[in-house]
Structures are given as C-alpha cells and as structure tokens.
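Enquirer: Compute the structure for the input listed below.
(one chain, ligands or ions: 1)
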Amino acid sequence: MPSKKALVRRPSPRLAEGLVTHIARERVDHGLAVEQWEAYVEALDAHGWETLEVDPADDCPDSVFVEDTVVVYRNVALITRPGAESRRAETPGVEEAVARLGCSVNWIWEPGTLDGGDVLKIGDTIYVGRGGRTNAAGVQQLRAAFEPLGARVVAVPVSKVLHLKSAVTALPDGTVIGHIPMTDVPSLFPRFLPVPEESGAHVVHLGGAKLLMAASAPKTADLLTDLGHEPVVVDIGEFEKLEGCVTCLSVRLRELYV
Ligand SMILES: NC(=O)NCCC[C@H](N)C(=O)O
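Expert: Coordinates of the predicted model:
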C-alpha cells in the first residue's frame with residue numbers, strides 16, 4: 001500500500017523575520033499564523049494523512065516551509081541545499097525525520113543549490129525550476145539522483161516568482177495549472193490550464209477529487225469545482241505574507257512502502 005504520510009514543521013517563534021523576495025514586507029501575526037498552521041495540519045489529518053512533525057527549528061524563521069528542504073522520489077529523500085543561506089540550518093532535522101521513516105538519503109552538495117519548492121513531480125516527470133533559489137548545479141544533481149531511478153527531469157526557467165511551484169502545480173489528472181502572468185513559459189507543459197488568481201495555481205492532492213487550496217483563490221476554487229474537483233479551503237494568509245503557499249507547508253510522502 002502506498003503511504004499517506006506528511007511531514008510538517010511547527011512555525012518558529014521568529015516566523016515574522018522570514019524572507020520576502022518578490023513582495024513587500026507586511027507584519028505577520030504570530031498567534032494567527034499558529035492557528036492557521038494548526039488548521040492546515042488538521043485538514044491533512046481529516047483527509048487521512050498521517051502528519052509527522054519534524055523537530056522544530058526555532059532559530060530558523062522560514063522552517064515552517066518544510067517542503068523546501070527535501071525532495072522525495074520513490075524511497076529516496078534528496079536533502080536540499082537551500083538557495084537562501086539563512087535556510088541551510090533547516091535541513092539536519094529534516095534529514096533525521098526522513099531517515100527515521102526508512103528513506104535512503106542523498107544530498108545536494110555545494111556549489112549546487114535547490115529548494116523543494118522548485119520541484120514539481122507529475123508521475124515520473126520531474127519539472128525543476130531554475131530560478132532565484134535553484135541553480136544549474138542543483139538541477140544537474142537532481143537529475144543525477146533521480147534519473148537512474150526512472151524519472152525524467154525537465155528543467156524550466158523561473159524568473160517571476162520565488163519558486164516553480166509558486167507559479168504552477170498540477171491537478172490529479174496531470175494538467176498543469178498556473179497564473180499566466182507568473183509563469184515564464186506555459187507552453188513547456190503539455191496540458192496547461194490558466195487560473196485567474198496567483199494563489200489559485202497552488203493545489204495539494206488530498207485524495208480522490210479533493211484539493212487543498214488557499215482561501216485567497218475563490219475564483220479558481222469555483223473554476224476547479226466546475227471541472228469536477230472538490231476544493232478544501234484553508235486560510236494561510238499569514239504565510240502568504242512570506243511568499244508561502246499550501247504546497248510548501250508539508251512534504252507529502254506517497255511512495256514510501258513502509
Ligand atoms: N516552497 C515554497 O513556496 N516556499 C516558500 C518559502 C518562503 C520563505 N519566506 C522563503 O523565502 O524561503
């Protein structure tokens with residue numbers, strides 16, 4: 001049976017100091033952020049995901065965005081080397097967590113940099129965004145780690161947003177969804193559906209037709225409902241102020257046979 005486990009990481013008390021790159025800094029309400037994070041975790045739990053908390057990294061403001069620290073394909077966990085220096089101390093705790101789960105562990109090495117938010121898996125195709133956080137050496141190392149396992153790695157440019165998955169994610173049928181103004185080259189994706197809101201481009205498959213989405217994308221939720229999907233909406237407004245989205249608050253482990 002494929003697994004339905006998800007790694008999450010409690011927000012650091014220093015969350016409000018998290019990085020912002022493409023948007024203006026806004027004040028983050030820490031109490032509200034914790035409430036939103038708990039509701040996000042509850043939504044995963046309510047849809048059959050076993051959520052596992054990585055040990056908190058209180059000194060790392062961005063540690064709640066756990067997706068950026070590891071990419072899992074089949075049974076191999078590739079520990080990233082985040083493009084932002086301030087995020088590098090986040091990885092040891094994640095490495096311990098995936099090793100405990102029985103993953104084989106591999107690493108991105110200097111000079112490579114890679115953020116998990118730049119990696120979009122659709123079946124055995126792995127799109128990797130080359131942008132502000134992931135460099136060419138990181139792309140090459142990802143290729144070297146996963147192509148021998150059967151993946152096809154496709155590198156795509158990312159210049160308008162923080163990560164590839166800030167621009168595009170995929171529906172369960174493999175259709176890539178994205179907000180055109182934020183997507184560098186939509187024609188790189190074989191099936192592309194434009195969505196009307198930037199945060200509408202971010203979905204997490206919960207199982208069946210259910211898609212976890214941010215409350216900030218009501219028009220996209222309507223569009224996807226009309227296409228037969230079932231949005232499950234969570235408010236992650238405090239994390240959006242730090243360029244976070246629903247995808248980056250967890251690492252879903254679907255392929256661990258444990
Ligand atoms: N995968 C993601 O979308 N991660 C969001 C990371 C936000 C964080 N403030 C950062 O700039 O690294």
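
Enquirer: Quick check: residues of this protein near the ligand?
Expert: By Cβ under 6 Å from any ligand atom, the residues of the chain that approach the ligand are 18-19, 21, 62, 65, 67-68, 84, 87, 117, 162-163, 165-166, 242-245, 248. Every C-beta, even on glycine, is put in place using the N, C-alpha and C of the backbone.

Enquirer: how does it look with 8 Å?
Expert: Residues of the chain lying close to the ligand by Cβ under 8 Å from any ligand atom are 18-21, 61-62, 65, 67-68, 82, 84, 87, 115-118, 133, 162-163, 165-166, 239, 242-245, 247-248.

Enquirer: Out of those residues, which end up buried?
Expert: 18, 61-62, 65, 67-68, 82, 84, 87, 115-118, 133, 162-163, 165-166, 239, 242-245, 247-248 (16 or more other Cβ atoms under 10 Å).

Enquirer: just checking, which of these belong to helices?
Expert: 165-166, 239 (DSSP state H).

Enquirer: what's around the residue lying closest to residue 64 once chain neighbours are set aside, how many residues?
Expert: Nearest non-adjacent residue to residue 64, counting by Cβ to Cβ, 6 or more residues apart in numbering: residue 11, 4.3 Å away. For residue 11, the tally of surrounding residues (other Cβ atoms under 10 Å) stands at 25.

Enquirer: same deal with residue 160?
Expert: With other Cβ under 10 Å as criterion, residue 160 counts 15.

Enquirer: my guess is it meets residue 179, correct?
Expert: No: checked against Cβ atoms under 8 Å, the pair residue 160 and residue 179 is beyond contact range at 9.7 Å.

Enquirer: okay, and the common contacts of these two?
Expert: residue 167 (Cβ atoms under 8 Å, 6 or more residues apart in numbering).
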